[in-house]
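Participant: I would like the atomic coordinates for the input below:
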Amino acid sequence: MTHAPDSSVDPTYDVATALDLDYYGVFTDLPEADKRWWAAAREFGTGLEQRMTEYWEKAEYPTDLVREAGRLGIFTDGVDVSEIGQETLSPMAAGLVNMETSRIDGSLGTALAVQGGLALRTLALFGSPEQKGQYLADLASGQVLGAFALTEPEHGSDSVSLETTAELRGDEQTGSYVINGAKKWIGNGASGGVTFTWARVSGGEYDGQVRCFLVPQQTPGYRAEVIQHKASLRAIHQALIQYEDLEVPADAVLPGAKSFKDAATVLFATRLGVAWSAVGHAAACVEAALSYAKQRKQFSKPIGAHQLVQERLTFMVSELTSMQLHVKRVTELDAAGQLSGPQASMAKYHNTRKARQIAQMARDMLGGNGILLSNKVARHMADIESAHTYEGTESVQSLIIGRDLTGYSAFA
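Facilitator: Residues are numbered from 1 along each chain as shown. This is a model prediction of the structure:
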């Protein structure tokens, strides 16, 4: 007779409990309003670990959670939404929310960043009163999912060279634009919502300039497919979009978006969000490693009682502390209106690199158990790879910082 394996012989470990490791007390003196938003994000994420692990493994996108976050008002990412009666998060509160959601799951954190940091911010900064009246509240609440379509199959780091075109037909007030081209890696791009599409204009006053167009995804000529076989951020759908003679009216143009510099303004704001997200990923990995070290026994005692493990934990916490200091300081500069682009790049450059190192060490500390999705480190380790790349690769960030330091541009 064949007997089923006895699962009781395989120990389980609690590695999901939030430990709030803050060795220098970096976040102890936060304003109460910011702490309240952090607590709201914590409440939102509590109990989602297992669900997000299952979504991640199945490559399913829980859009209901995006809408729930919208209902709570936690993903507006510091965008001014006072005109629709919602409270605007401070830069610090927005960062803390980003950190907390990423601590739960990288796909969830990315979904909130796409909806709030990219789509909602684009409309709030550059949209017409009519466009805002139609979509701002629904984007802020998550009732309509929004996408920010800039990156193309052939243009990632050099997105300024985008090839998607918008040909003006007729005049700029009553005519239309015909869009042709392709976009790739677009979060929410196949969600059935709206896509803020950046394209190079042909004709009219802005001939040759890059402008942004509000494109409902049901528009004829819009074809989007979910990118398959991802090894990272598996619980958010990203799309390959093709525009084939897609025609939109002249009032689909966001009037405030007049050049590529406006797209860069949005990316500048979200770059700091990526640095905060990296803190959340790193914190999740350190929490898992520390909790595991106290529960896992080898050689008749917890592995946390061994010298080598304690040295590794010390290294990880010291690096996490450095990351926390980076984001707090640059966010203070942002709130004061003093943050420069290179400083935002430094925060992103530093924190995603450190998060990678921490994840690698945490995975090693968990041994074979470190590759199990249920122990979360492997999931965060994979998702950090995406965070390290999007909003500007490490190489691009270093060139931005290097240009600021030396005065010489090393871009090709």
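Participant: quick one: secondary structure of the closest residue in space to Thr88 that isn't next to it in sequence?
Facilitator: Leaving out its chain neighbours, the residue that sits closest to Thr88 by C-beta to C-beta, 6 or more residues apart in numbering is Asp80, at 5.1 Å. Bear in mind the C-beta positions are built from the backbone N, C-alpha and C, glycine included. Put simply, Asp80 is coil when judged by DSSP: H, G, I helix; E, B strand; the rest coil.
Participant: is it true that Asp80 touches Arg121?
Facilitator: No: with contact defined as C-beta atoms under 8 Å, Asp80 does not count as touching Arg121 (9.4 Å).
Participant: show me where this structure has its helices.
Facilitator: Per DSSP state H, the chain carries helices over the ranges 32-45, 49-58, 63-72, 91-104, 106-112, 121-126, 129-141, 260-295, 307-335, 341-365, 377-389, 394-406.
Participant: mean confidence score for the second one?
Facilitator: The average pLDDT for helix 49-58 rounds to 93.
Participant: show me what that helix is packed up against.
Facilitator: For helix 49-58, the contact count by 3 or more C-beta pairs under 8 Å, 6 or more residues apart in numbering; DSSP states H and E identifies helix 106-112 as packing neighbours.
Participant: run the chain-centre distance for the helix it packs on.
Facilitator: In terms of C-alpha atoms, centre = their mean, to the nearest Å, the gap separating the centre of helix 106-112 from the centre of its chain is 6 Å.
Participant: count of neighbours near Gly208?
Facilitator: When counting by other C-beta atoms under 10 Å, one arrives at 9 neighbours for Gly208.
Participant: and the residue nearest to the spatial centre of the chain, what does it touch?
Facilitator: The centre of the chain sits closest to Thr110, judged by C-alpha atoms, centre = their mean, with a distance of 3.3 Å. Residues near Thr110 by C-beta atoms under 8 Å, 6 or more residues apart in numbering: Ser102, Gly187, Leu233, Ile236, Ser277, Asp383, Ser386, Ala387.
Participant: of all those residues, which two lie farthest apart?
Facilitator: Pairwise distances among these were taken by C-beta to C-beta; the largest, 14.2 Å, belongs to Ser102 and Gly187.
Participant: so between those two, which is more surrounded?
Facilitator: Ser102 (33 against 26).
Participant: can you report how many residues neighbour Asn369?
Facilitator: 20.
Participant: for Thr53, see how far away Lys376 is.
Facilitator: Using C-beta to C-beta, to the nearest Å, we find Lys376 at a distance of 7 Å from Thr53.
Participant: err, His237, not the other one
Facilitator: Counting by C-beta to C-beta, the gap from His237 to Thr53 is 17 Å.
Participant: more neighbours: which of those two?
Facilitator: Shown here are His237 and Thr53; by other C-beta under 10 Å, His237 has more neighbours (25 against 19).
Participant: now do the contacts for that one.
Facilitator: Contacts for His237 (C-beta under 8 Å, 6+ apart) come out as Tyr61, Gly187, Asn188, Gly189, Ala190, Ser191, Val226, Ile227.
Participant: could you do Pro302 as well?
Facilitator: Pro302 sits in contact with Ala293, Lys294, Gln295, Arg296, where contact means C-beta under 8 Å, 6+ apart.
Participant: most surrounded residue in those residues?
Facilitator: In terms of neighbours by other C-beta under 10 Å, the contacts of Pro302 top out with Ala293 at 20 neighbours.
Participant: my guess is it contacts Leu313, does it?
Facilitator: Yes: counting by C-beta under 8 Å, Ala293 touches Leu313, with 6.4 Å between them.
Participant: need the residues touching each of these two.
Facilitator: Applying C-beta under 8 Å, 6+ apart, one finds that Ala293 and Leu313 are jointly contacted by Gly304.
Participant: what about the closest residue to Glu332 other than its chain neighbours, distance to Gly341?
Facilitator: Leaving aside its sequence neighbours, Glu332 sits nearest to Met92 (C-beta to C-beta, 6+ apart; 7.7 Å). Separation of Met92 from Gly341 (C-beta to C-beta): 20 Å.
Participant: again, but for Ala119
Facilitator: Computed with C-beta to C-beta, the distance linking Ala119 and Gly341 is 21 Å.
Participant: enumerate every residue touching Glu154.
Facilitator: By C-beta under 8 Å, 6+ apart, the residues touching Glu154 are Glu163.
Participant: now swap in the one 10 residues further on and tell me
Facilitator: By C-beta under 8 Å, 6+ apart, Thr164 lies in contact with Glu152, Ile179, Asn180, Gly181, Ala182, Lys183, Thr197, Trp198, Ala199, Arg200, Tyr243.
Participant: start to end distance for stretch 202-220?
Facilitator: For stretch 202-220, the first-to-last residue distance is 21 Å (C-alpha to C-alpha, to the nearest Å).
Participant: one step back: counting neighbours, go ahead and name the busier of Asp80 and Arg121.
Facilitator: Each of Asp80 and Arg121 has its neighbours counted (other C-beta under 10 Å); Arg121 has more, 27 against 13.
Participant: tell me who's in contact with the more buried one.
Facilitator: Per C-beta under 8 Å, 6+ apart, neighbours of Arg121: Asp77, Val79, Val266, Ala269, Thr270.
Participant: so which of those residues is the most crowded?
Facilitator: Counting neighbours by other C-beta under 10 Å, Asp77 leads the contacts of Arg121 with 27 neighbours.
Participant: how close does the nearest residue to that one once chain neighbours are set aside get to Glu205?
Facilitator: Counting by C-beta to C-beta, 6+ apart, Gly116 is the residue found nearest to Asp77 once chain neighbours are left out, at 3.8 Å. Shown here: Gly116 relative to Glu205, a distance of 31 Å by C-beta to C-beta.
Participant: neighbour count winner among the two?
Facilitator: Gly116 (31 against 9).
Participant: backbone phi and psi for Thr164, please?
Facilitator: Per-residue torsions, Thr164: phi -60, psi 130 (degrees, to the nearest 10).
Participant: for it, give me the pLDDT.
Facilitator: Thr164 is assigned 96 on the pLDDT scale.
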